[in-house]
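In: Build me a model:
(one chain, ligands or ions: 1)
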Amino acid sequence: MQLTGKVAIVTGAGSGIGKATALLFAAQGAKVGTIDHTPKEGQATIDEINQQGGEGISTIADVSQPDQVQSAIDKIAQQFGKIDIVFANAGINGVWAPIDQLEPEEWDKTINTNLKGTFLTVKYAVPYLKQQGGSIIVTASVNGTRIFSNTGSTAYSCTKAAQVAFTKLIAVELAKHKIRANVVCPGKIETNIENSSQHRNLESIREPVEFPEGMISLTDGAPGSAEQVAQLVAFLASDASSHITGTEVWIDGAESLIKG
Ligand code: NAD
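Out: Residues are numbered from 1 along each chain as shown. Next up, the predicted model:
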């Protein structure tokens, strides 16, 4: 198993891409510490890991809150003795609205969850990663990196663009510590992300562009799955990707090349 002996942290592990990745990490031999702000869902992921013969602990933290993130990461490190892999994945769609109707507190919530949350997760894990080296993977999106036609997603897309810059900067900074950092950019993936979405008056700002039916030829128009993203993340977490750092990988069946 390619992650045997590794300890991994996964944020947003109660659902979707984070959950699928936590399960795959464990199936590949890693010990997994989950971080989510929903205790029930985070624990359910650990219960599944235990059922499949793996080992993990669930911690509760809002990734936008420094004290909560630090204590969750310290708890996981204490439990398993080290941290090798960090998957900074927790995120929300937040409010998508015309720019003059987007409230400052709505902007802050998206930025604080997606971008500050990534910063805090990495910041508090890096002292542990530095002890033996490791791998950081961040979840960005096609939005803000290749697709700019989803008008109204300004706050969300800005966080995703910034996560790419963040990852490249830390890849350079941390290379001397044998820590790699990469960012995955999913297209449409079947998860619960729409539960964190609020759309307001988008019709008024959308360009009248129509895409043909079944535009993602690779999947006959269907979205990707969280498990497909998890396979990519597990590869980037493993030593099989030992010379890959500072890069984004789009995982969208070419959706963003058509829609961008
Ligand atoms: P999801 O809603 O299924 O899962 C998100 C998880 O993050 C949930 O468990 C949720 O409880 C957790 N979370 C949200 N806010 C949090 C906070 N403040 N603190 C701690 N945990 C928090 O969605 P998903 O699609 O699996 O999303 C994961 C990541 O993938 C996000 O960063 C999202 O932007 C990105 N993404 C998703 C898609 C897609 O189509 N699903 C596409 C591109 C990028």
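In: Excluding chain neighbours, what is closest to Gly246?
Out: Residue nearest to Gly246 in three dimensions, not counting chain neighbours: Ala171, with 3.2 Å by Cβ to Cβ, 6 or more residues apart in numbering. C-beta: built from backbone N, CA, C; applies to glycine.
In: The lowest-mean-pLDDT helix or strand in the chain: which residues count as buried?
Out: Ranked by mean pLDDT, DSSP states H and E, the weakest helix or strand in the chain is helix 255-259, scoring a mean of 87. Buried positions in helix 255-259, judged by neighbour count with 16 or more other Cβ atoms under 10 Å: Glu255, Ser256, Lys259.
In: Now do the residue nearest to the first one when sequence neighbours are not counted against Thr110, distance only.
Out: Read it as Glu255. In space, Glu255 comes closest to Gly187 once its chain neighbours are excluded; the distance is 3.9 Å by Cβ to Cβ, 6+ apart. Separation of Gly187 from Thr110 (Cβ to Cβ, to the nearest Å) stands at 19 Å.
In: residues from the stretch 151-260 of the chain in reach of the ligand?
Out: Within the stretch 151-260 of the chain, the positions near the ligand by Cβ under 6 Å from any ligand atom are Pro186, Lys188, Ile189, Thr191, Asn192, Ile193, Asn195, Ser196.
In: quick check, nearest of these to Gln68?
Out: Closest to Gln68 out of those is Ser196 (18.4 Å), distances taken as Cβ to Cβ.
In: Would you confirm that the closest one contacts Trp96?
Out: No - applying Cβ atoms under 8 Å as the test, Ser196 and Trp96 come out as separate, 10.9 Å apart.
In: quick one: which of the two has more around it?
Out: Shown here are Ser196 and Trp96; by other Cβ atoms under 10 Å, Trp96 has more neighbours (24 against 17).
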